[in-house]
Every structure is written in C-alpha cells, then in structure tokens.
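*Asks:* this is a predicted model, with the sequence first.
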Amino acid sequence: MANMRAKFSVQSIGSFKDSDGNKSYETLAMSPVCKSGGYPEDGLDEDNTFAKWSPSGSLSLTITNPALWDQFEPGQKFYLDFTEAE
C-alpha cells in the first residue's frame, strides 16, 4: 500500500464545556490547503502542489486531551502522513 502525505489547514476550532462550565473537549475543522490570493504564474508554490492532488476534502478531530487544548489556531498548516497500520 502506498503512503500519502497531505497538507491541511485549520479552518475553525470549537470549544465545548460540560454542565458545570468546565472545558471538556475541542473540535478542529480542517481542509486541504489552498491559497486565497491565487498562485504565482509559474505555479511554483508548495500549497499549489498539494492542492493540485488533494483539491477538496475535510477533516474533523475531537480532542479530549487537555494538554492539547489551545495548541491550534485557525490558519495553521499541518502535514498529515497516512501510513497503513497493521
């Protein structure tokens, strides 16, 4: 099986609290990268390269680990590596 690397950007972050008002989890909404201002004429831009092969999609993650809360910001970009697990 082939490995795949994708490049995603954080679109939004939701913070959710329990009935006592304590934070219980965050959700990250992510999508493949694209460049809002357009790409250079020669097309030489890493985001353009990734967008060409993964032009659309979405990823939603629920994070319940408090150590990871408030570690992400909208607009941040991340490489996601997909390798088959055994």
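*Replies:* Cool, got the structure.
*Asks:* now the helices for this protein?
*Replies:* 46-53 (DSSP state H).
*Asks:* can you give me the strands for it?
*Replies:* 4-17, 23-32, 59-63, 77-82 (DSSP state E).
*Asks:* so for the longest one, mean pLDDT?
*Replies:* Pointing back at strand 4-17 there. The average pLDDT for strand 4-17 rounds to 94.
*Asks:* for that strand, packing partners?
*Replies:* strand 23-32, helix 46-53, strand 77-82 (3 or more C-beta pairs under 8 Å, 6 or more residues apart in numbering; DSSP states H and E). In this view, the C-beta of every residue, glycine as well, is placed from N, C-alpha and C.
*Asks:* what about 6 Å?
*Replies:* Applying 3 or more C-beta pairs under 6 Å, 6 or more residues apart in numbering; DSSP states H and E, we find strand 4-17 packed against strand 23-32, strand 77-82.
*Asks:* ok, now the shortest one?
*Replies:* Where contact means 3+ C-beta pairs under 6 Å, 6+ apart, strand 59-63 is packed against strand 23-32.
*Asks:* check contacts around Asp81.
*Replies:* Arg5 (C-beta atoms under 6 Å, 6 or more residues apart in numbering).
*Asks:* use 34 as the first number from now on
*Replies:* Shifting the count to begin at 34 puts that one at Asp114.
*Asks:* what score does the closest residue to Ala84 other than its chain neighbours have for pLDDT?
*Replies:* Spatially, and ignoring its direct neighbours in sequence, Ala84 is nearest to Cys67 (5.0 Å; C-beta to C-beta, 6 or more residues apart in numbering). You'll see Cys67 listed with a pLDDT of 77.
*Asks:* and of the strands of the chain, who's closest to Glu79?
*Replies:* strand 37-50 (7.4 Å; C-beta to C-beta).
*Asks:* so of the strands of the chain, which one's packed in deepest?
*Replies:* strand 56-65 (a mean of 17; mean count of other C-beta atoms under 10 Å).
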